[in-house]
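Chemist: quick one: sequence plus predicted model below, questions after.
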Amino acid sequence: MPQLNPRLPRLDALRATWMLWMAAFHFCFDLAWFRVTTWNFYSDPLWIGQRVAILSGFLFWAGLALGVSRQREPAAFWRRWMQVAGAALLVSVGSWLAFPKSYISFGVLHAFAVLLPLAQFGLARLPSPALLLLAAAAVALPHAVQHPVFDSRLTNWAGLVTHKPVTEDYVPLLPWAAPLLVGLVAAQSTSLRGWLAGSAPAPLVRLGQWPLSFYLLHQPVLIGLLTLWQRTMAA
């Protein structure tokens, strides 16, 4: 989850809160994957709803952060973008090695890698009504327009698929551009900017400054700990 803002302590703290929520969610997922629990993350509304809320929050914070810092020098933006794009490529390669039949071709980091340049160099300059209209269209189009041509791995990134692809993570541009667009709208509020600049708990502020590293590392750490626990119990 990329962060592109000048230091806004409360924004960092909010992002960190979502990071911890994500880690707790993935820990529960891992417990089910290790068959410690019988939770169903693919059909139970409790878990599906949490995934939607967590992902929407990260995209919203990214849009908000980008909206308040879009005057940042292009070189700084592209350095950060290369980190995100490189991490997305790493996720694709790693998931292909682990899950060759359901590897991640367009997951959350891939969506960020596409959406951030679009927002930085175009969408962030639009007025709020236009952004809200685009957000509504992003949500509505996947329900109104579906075609088999979008079902392949080369085209399913658009989100206009006739069925969900078999993959470990799938975050197409439609409808997931919507939370980022709403974040851009929120960034146009002067009062909200002032509130975000206020003080927040230091540990959360610090954690919120490392979203990409946290995203890449938390699952290997959790899976490693559960594997160690399982082997210890079996010994």
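Modeler: Looks like it came in fine. Residues are numbered from 1 along each chain as shown.

Chemist: which of the helices or strands spans the nearest residue to residue 201 once chain neighbours are set aside?
Modeler: Of all residues beyond its chain neighbours, the one nearest residue 201 is residue 13 (6.2 Å), with distances taken as Cβ to Cβ, 6 or more residues apart in numbering. The way it works is simple: take the backbone N, C-alpha and C, and place the C-beta from them, glycine included. Residue 13 belongs to helix 9-33 when assigned by DSSP states H and E.

Chemist: could you do residue 64 as well?
Modeler: helix 45-68.

Chemist: so how far is that helix off the chain centroid?
Modeler: In terms of Cα atoms, centre = their mean, to the nearest Å, the centre of helix 45-68 is set 7 Å apart from its chain centre.

Chemist: tell me where this structure has helices.
Modeler: Listed in chain order, the helices of the chain (DSSP state H) span 9-33, 45-68, 74-98, 108-120, 128-144, 173-186, 190-196, 202-207, 211-234.

Chemist: mean neighbour count, these: which tops it?
Modeler: Highest mean neighbour count of the helices of the chain: helix 173-186, a mean of 23 (counted as mean count of other Cβ atoms under 10 Å).

Chemist: any idea of the mean pLDDT in it?
Modeler: When pLDDT is averaged along helix 173-186, the result is 97.

Chemist: what's the angle from that helix to helix 108-120?
Modeler: On the basis of axes from the mean of the first three to the mean of the last three Cα atoms, to 10 degrees, helix 173-186 is oriented at 50 degrees to helix 108-120.

Chemist: show me what helix 173-186 is packed up against.
Modeler: For helix 173-186, the packing partners by 3 or more Cβ pairs under 8 Å, 6 or more residues apart in numbering; DSSP states H and E come out as helix 45-68, helix 108-120, helix 128-144.

Chemist: coming back round to it: give the contact list for the residue nearest to residue 201.
Modeler: By Cβ atoms under 8 Å, 6 or more residues apart in numbering, residue 13 lies in contact with 200-201, 204-205, 208.

Chemist: okay, those residues in JSON lines with distance to residue 179 next?
Modeler: Shown next, in JSON lines, are the contacts of residue 13 (distance: Cβ to Cβ, whole Å):
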{"residue": "200", "distance to residue 179": "22"}
{"residue": "201", "distance to residue 179": "24"}
{"residue": "204", "distance to residue 179": "21"}
{"residue": "205", "distance to residue 179": "22"}
{"residue": "208", "distance to residue 179": "17"}
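
Chemist: now the two most distant members of those residues.
Modeler: 201 and 208 (10.1 Å; Cβ to Cβ).

Chemist: distance of residue 127 from residue 173?
Modeler: Using Cβ to Cβ, to the nearest Å, residue 127 is found at 21 Å from residue 173.

Chemist: my error: substitute residue 78 in the last question.
Modeler: Distance from residue 78 to residue 173, by Cβ to Cβ: 20 Å.

Chemist: kindly report the same for residue 53.
Modeler: In this view, residue 53 and residue 173 are 19 Å apart by Cβ to Cβ.

Chemist: could you do residue 68 as well?
Modeler: For residue 68, the distance to residue 173 equals 23 Å [Cβ to Cβ].
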